[in-house]
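Visitor: requesting a structural model of the entry that follows:
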Amino acid sequence: MKRLPMILLTALLGCGAEPTSEAETLPRVCNDGSTWTPGTTAFRDATSDWGVKELGAVGVRINAVDFDQDGWTDLAIRSGNDPDDFGPDGTRSAWLLRNDGKGGFEDVTVSSGVRTPREGDHGRAGPVWVWADVDNDFDLDLFTGVLEGSSDQSEVMLNNGDGTFALGPKRGSQREPLNPYGAAFTDYDRDGKIDLWIANNSLGGAAQQDELHKGQGDGGFNNRTQKNGLITTPWSSIDDLNQAQSHSLAWSAAACDLNNDGRPDLLASSYGRAANHVWQGADDGFVNRSLQSGYAWDHRVDWTDNESARCYCALNPTAEDCADLPEPNITCIDDDDAFRWNHSYDRNAYRLGGNSGQTVCRDIDNDGWTDLLTTEIVHWDVGENSDPSELLFNTGQADITFERPGNDVTGLLREHEPGWNDGDITANTVDFDNDGWPDVLIGSSDYPGTRALLWHQVSARKFQAVPVDQGIDHTRTHGVAIADLDRDGDLDVILGHSTSRCDDDCYASAHVRIFENLSNDGNFVQLSLQGDGLVTNGLAIGARVEVTANGITQVQTVGGGGGQWGAQDDLVLHFGLGSACEAQVQVTWPNQEMSTQSFQVAGGYRWQVTQDKDPVAEW
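Guide: Model prediction:
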């Protein structure tokens, strides 16, 4: 049988009835199980059903979290760094939309107090949003980071327990990050108090130090960057830049355990052909593994097919390394300033990297080790040394190391028109057909012909493109969030729309759009975790969850946000089970002891998993 609609299932279980953890007493919810096949429609545009356009929610940074903890996933949407004007004709930059559980949303931005300023009556600025329980009272608090040029400061907004917010401590380093383009909550020392990792972009034109802020348990933070060995250098040494020892030029942040030692590792992906950074957790802080891991940049270093480089050499044939270079395929202008090429610097390793957007952490191939999905902006004329968006597979070593088989091997391919540009910035993974294997969704924006790109994983590390008319038809996609919005047991997709460099493929309205999942024949289980709030942080961010069914073990981690300007999915973890009707679960809690808890659950339900207690079926 298919998953029952939520309203009907609630009636069957009894509205307000005491839930039970005894699987045998629950109504059996078990489907035959299936996997997506070509010719089957996987999603439909359900935006009009949810009324998002009527609420005016326009933005390309999206969180899908249950901020009021009523069991329904809400949306937080941002469009820029300006403060909100909530007047009748005012310009908005942020929307907090509450899921009403009836197929619609309510705009609670003002009533929630989430944009309350320290002074005045304007709506406070701050487009960088990530969520966690920073004071261990078992509700979601919010970090809102401001970018360069704002008169406001970054803030922590503390949840009052009812979905309304109050400004956190006035003291603390969380109020003064340098220029946060990415943020992620984590508990790096597993002391039960949430910490904050900030990946900074340039300030005043100069790259900045990324920052680690240690949580004090009350919403205040102290900067512990230097103490934990996370120091990088300004952009003054070519050697430092080539060794990935200089500041990142961050576009996003992430925190995930990449070597299965229980410690979160910290990542900053860099725009501007600079090194991506990964910091490996250690007993006494962090170690820079950016270059050695293979994350800093890829192995593609041949610059000789760069059209601007070829032009330079055609006009300067005696310059170093210019002999025998092929003729360019473009018309060259005899003006050094016309080239996207600096012959003195651009042959260096750091200049042969990519323009990285978001890095997504996920065990893609179900081998128990967290892999990475990276997005990149790529232009046709730069040639093969321009890193493409691709999967980096974890080799399972104690010292973090990745391999890049390439898109020709994995199948993450796309058709390119002449003069193409890939504007890949945001991305996510989603098991959209509940077969137990994560699929890949990339948001590409800002250039003609760019759109949402969906690939289905047909076997370990092998992907098949889902045609637009069967998957997601959405152009210039910027901002990707995943959630089971309607609680029907499959994952829906929320997308933002970029109007930058608009051609005839931009929509008349840039409101976010919701794509309802139609592929709900596979079984599933959802797990909502809660720590003890003492030795384990209240909402268990960083907990490792292993779900075994049908001979496959999937691994996911409760996330504390990341991405560019804050991207975050529901803290409830969703596992597709294929044809299995139950699953064995092991939770490793993010505390000093790395304590574990094992149990079995029935498929077709969301389970509340509280540390050291039996799981309880929520619905």
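Visitor: use CA for all of it now, contacts and neighbours both
Guide: Will do.
Visitor: for the stretch 401-550 of the chain, which segments count as helices?
Guide: Ranges of helices within the stretch 401-550 of the chain are 407-410, based on DSSP state H, counting those that start in this stretch.
Visitor: just for the stretch 501-619 of the chain, where's the confidence low?
Guide: Of all residues in the stretch 501-619 of the chain, none has pLDDT under 70.
Visitor: just the strands in it please.
Guide: Counting by DSSP state E, counting those that start in this stretch, the stretch 501-619 of the chain has strands at residues 513-517, 523-530, 544-549, 552-557, 573-578, 582-588, 596-602, 606-610, 616-617.
Visitor: output the ones you listed as TSV; include the columns mean neighbour count and distance to residue 501.
Guide: Below are the strands of the stretch 501-619 of the chain laid out as TSV (neighbours: other CA atoms under 10 Å; distance: least, CA to CA, whole Å):
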stretch	mean neighbour count	distance to residue 501
strand 513-517	23	20
strand 523-530	25	40
strand 544-549	21	41
strand 552-557	21	37
strand 573-578	26	36
strand 582-588	19	46
strand 596-602	18	49
strand 606-610	21	43
strand 616-617	22	48
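Visitor: low-confidence stretches in this protein?
Guide: Ranges of the chain meeting pLDDT under 70: 1-24, 336-338.
Visitor: one more time with 80
Guide: 1-25, 120-122, 335-339, 520 (pLDDT under 80).
Visitor: one step back: which one of the strands of the stretch 501-619 of the chain lies closest to residue 169?
Guide: Among those, strand 523-530 comes nearest to residue 169, with 24.4 Å by CA to CA.
Visitor: for the closest one, list the C-alpha coordinates in PDB.
Guide: C-alpha atoms of strand 523-530 as PDB (Å, rounded to 0.1, in the frame of the first residue of the first chain):
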ATOM      1  CA  ASN A 523       9.200   2.700   1.800                       C
ATOM      2  CA  PHE A 524      10.900   5.100   4.200                       C
ATOM      3  CA  VAL A 525      11.600   5.900   7.800                       C
ATOM      4  CA  GLN A 526      12.200   9.400   9.300                       C
ATOM      5  CA  LEU A 527      14.100  10.000  12.500                       C
ATOM      6  CA  SER A 528      14.000  13.100  14.700                       C
ATOM      7  CA  LEU A 529      16.800  13.100  17.300                       C
ATOM      8  CA  GLN A 530      17.100  14.800  20.600                       C
END
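Visitor: give me the contact list for that strand.
Guide: 30-31, 33, 138, 434-435, 489-490, 538-540, 571-581, 583, 601-611 (CA atoms under 8 Å, 6 or more residues apart in numbering).
Visitor: what does stretch 439-449 give?
Guide: By CA under 8 Å, 6+ apart, stretch 439-449 touches 364, 375, 421-432, 450-457, 463, 475-480, 497-503, 505.
Visitor: for PyMOL, write a command that selects the buried ones of the residues you listed.
Guide: Per 16 or more other CA atoms under 10 Å, the buried members of the contacts of stretch 439-449 correspond to this PyMOL selection:
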select buried, resi 364+375+421+422+423+424+425+426+427+428+429+430+431+432+450+451+452+453+454+455+456+457+463+475+476+477+478+479+480+497+498+499
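Visitor: doesn't residue 308 lie inside a strand?
Guide: No. Residue 308 is assigned helix when assessed by DSSP: H, G, I helix; E, B strand; the rest coil, not a strand.
Visitor: name the element the residue lying farthest from the centre of the chain belongs to?
Guide: Here the chain reaches farthest from its C-alpha mean at residue 318, the gap being 46.6 Å by CA atoms, centre = their mean. Using DSSP states H and E, residue 318 falls within no helix or strand.
Visitor: likewise for the one 5 residues further on?
Guide: According to DSSP H and E, residue 323 maps onto no helix or strand at all.
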